[in-house]
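In: Here's my sequence, what's the structure:
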Amino acid sequence: MTKQVRFASVLLAAICFALPTLAQNSGEAIYKQRCAMCHGPDGLAGTPTAKMMKVESFKAPSIVKESDAELIATTKKGKGKMPEFGTKLSDSQIKEVIAYVRTLQKK
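Out: Now for the predicted structure:
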């Protein structure tokens, strides 16, 4: 019985330590999986696809000044050649991606 309690305690502690890391990186992971192909890993739109489709860098003043709500709406509904992601990602996933995009703008 004590081995089971000890195992459960260790498992619970591991989960508690891992959850913040997983949650913190989920926006980054989604970005890398769904967005980096066009926007680039650094958000600077330096990929061949971005150049072909005339994607703006996330550091462009016009993008930086957009509110989170505007970026969320664009991500959900799409804009220009950008497809909509509102049916592919949850609201919380989209918010996490936008939060990650904001970190790219500061680098």
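
In: When you work out contacts or count neighbours from here on, use the C-alpha atoms and nothing else.
Out: Noted.

In: any idea how far residue 41 is from residue 28?
Out: Per Cα to Cα, to the nearest Å, residue 41 is found 10 Å from residue 28.

In: Who has more neighbours out of the two?
Out: residue 28 (22 against 17; other Cα atoms under 10 Å).

In: element containing that one, please.
Out: In the assignment (DSSP states H and E), residue 28 maps to helix 2-34.

In: quick one: residue 107 from residue 28, how far?
Out: Noted for residue 107: a distance of 14 Å to residue 28, by Cα to Cα.

In: just to revisit the earlier point, need the residues that contact the helix or strand that comes right after the helix holding residue 28.
Out: Remark: after helix 2-34, the chain's next helix or strand is helix 36-39, criterion DSSP H and E. Residues from elsewhere that reach helix 36-39 (Cα atoms under 8 Å, 6 or more residues apart in numbering): 42-43, 45-50, 55-57.

In: So which elements touch whichever helix or strand comes after helix 36-39?
Out: For helix 36-39, the following helix or strand on the C-terminal side (DSSP H and E) is helix 48-53. Applying 3 or more Cα pairs under 8 Å, 6 or more residues apart in numbering; DSSP states H and E, one finds that helix 48-53 contacts helix 36-39.

In: so what's the one residue sitting closest to the centre of the chain up against?
Out: Most central in the chain under Cα atoms, centre = their mean is residue 97, positioned 2.3 Å from the mean C-alpha point. Residue 97 is in contact with 26-28, 30-31, counting by Cα under 8 Å, 6+ apart.
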